[in-house]
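Asker: Have a look at this prediction, sequence included:
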Amino acid sequence: MIYIKSKREIDLMKEACKLTALAHKEIEKAIRPGISTLELDKIAEKVIRENNGVPAQKGYPGPDKYTPNFPASICASINDEVIHGIPSNKVILKEGDIISIDLVAYKDGFNGDAARTYIVGKGSKEDQKLLEVTKQAFFEGIKFAKKGYRIGDISNAIGEYVKENGFSVVKEFQGHGIGRSMHEDPGIPNYGKPGKGPKLEPGMTLAIEPMVIAGKSSILMLDDGWTIVTEDGSNSAHYENTVLITEKEPEVLTLG
């Protein structure tokens, strides 16, 4: 079921999204060689809680009964880790790494979700292009995040742009609706056919998130039950925002 938010609900959701953006800004300031991903996690949790929010990912249920709940406030995925990397004091950032931070802030009954990929220090030209294409794929997608278009129009625009630039999209994971729950209908793949899927209506809120791989699209899950990596060891990037469908242009709520 797709939930159409009221003006009051949208106003509350905007506050959660502002908090998500604020936490990302503080993490970005802290990213440098020598810092651990656990330290970044603590920064995010401190910012969120000091602003009357809750880190929604902490304690999120695993995909099956054998997988423990997610133990951290952010997902911190490095280099060939696509998504759901678990922060640790043993994972120390190095010059030239790329790190994807995905975080969700919950405040006053609503969630704000955003992901960013950063280069640690000075990165390669190849990684810089990967990050740029991943980010632009989001903006190509939201050209169709308008009343009357369909989910498939967003998905197709993302997938085609990524393919044109020589990269691959992850097919097993996708964007999603968001609101009172972190994950709501509809699902938003990063590939597909235009004109397919649910029609977009004002009041829909969507987490649109290209996940892009420099090599082939095949992925694997690590033994922790959470971390997803590229099968060929190539680097991956992730860019996500929470988007509101309006009567006119889409409103990106997590840019801050």
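Answerer: Perfect, I can see it now. This is a predicted model, so every value here is computed, not measured. Residues are numbered from 1 along each chain as shown.

Asker: all strands of the stretch 151-256 of the chain, in order?
Answerer: Shown for the stretch 151-256 of the chain, the strands assigned by DSSP state E, counting those that start in this stretch span residues 168-169, 175-177, 184-188, 205-208, 211-213, 219-221, 228-230, 236-238, 241-244, 251-252.

Asker: which one of these lies closest to residue 101?
Answerer: Closest approach to residue 101 among the strands of the stretch 151-256 of the chain (C-beta to C-beta): strand 236-238, 8.4 Å. Heads up, the C-betas are built off the backbone N, CA and C, glycines and all.

Asker: Give me the contact list for the closest one.
Answerer: For strand 236-238, contacts defined as C-beta atoms under 8 Å, 6 or more residues apart in numbering pick out 77, 79-83, 98, 100, 102, 115-117, 130-131, 133-134, 170, 209-214, 230.

Asker: rerun at 6 Å
Answerer: For strand 236-238, contacts defined as C-beta atoms under 6 Å, 6 or more residues apart in numbering pick out 82, 100, 115, 117, 130, 131, 134, 211, 212, 213, 230.

Asker: right, and the first one touches residue 228 too?
Answerer: Yes: using C-beta atoms under 6 Å, residue 82 is in contact with residue 228, at 4.4 Å.

Asker: Could you name every residue contacting both of the two?
Answerer: residue 219.

Asker: Settle it for me: which of those two has more neighbours?
Answerer: Comparing residue 82 with residue 228 by other C-beta atoms under 10 Å, the one with more neighbours is residue 82, at 26 against 21.

Asker: Wait, a helix at the more buried one?
Answerer: No: Residue 82 sits outside any helix when classified using DSSP: H, G, I helix; E, B strand; the rest coil, being strand.

Asker: that older thread, ranking the contacts of strand 236-238 by neighbours, who comes first?
Answerer: Busiest of these [other C-beta under 10 Å] is residue 211, holding 32 neighbours.

Asker: What about the nearest residue to it once chain neighbours are set aside, how many residues nearby?
Answerer: Of all residues not flanking residue 211 in the chain, residue 170 sits nearest, at 4.1 Å (C-beta to C-beta, 6 or more residues apart in numbering). When neighbours are counted by other C-beta under 10 Å, residue 170 registers 23.

Asker: now do residue 80
Answerer: 20.

Asker: From what I see, it and residue 230 are in contact.
Answerer: Yes: with contact defined as C-beta under 6 Å, residue 80 counts as touching residue 230 (4.7 Å).

Asker: residue ranges of the helices in this structure, please?
Answerer: All helices of the chain, identified by DSSP state H, fall at 7-30, 37-50, 125-141, 151-164.

Asker: Deepest-packed of the ones you listed, please.
Answerer: Of those, the one with the most neighbours on average (mean count of other C-beta atoms under 10 Å) is helix 151-164, at a mean of 22.

Asker: Adding pLDDT, write the contacts of strand 236-238 out as CSV.
Answerer: Formatted as CSV, the contacts of strand 236-238 follow (pLDDT from 0 to 100):
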residue, pLDDT
82, 98
100, 98
115, 98
117, 98
130, 98
131, 98
134, 98
211, 98
212, 98
213, 98
230, 98
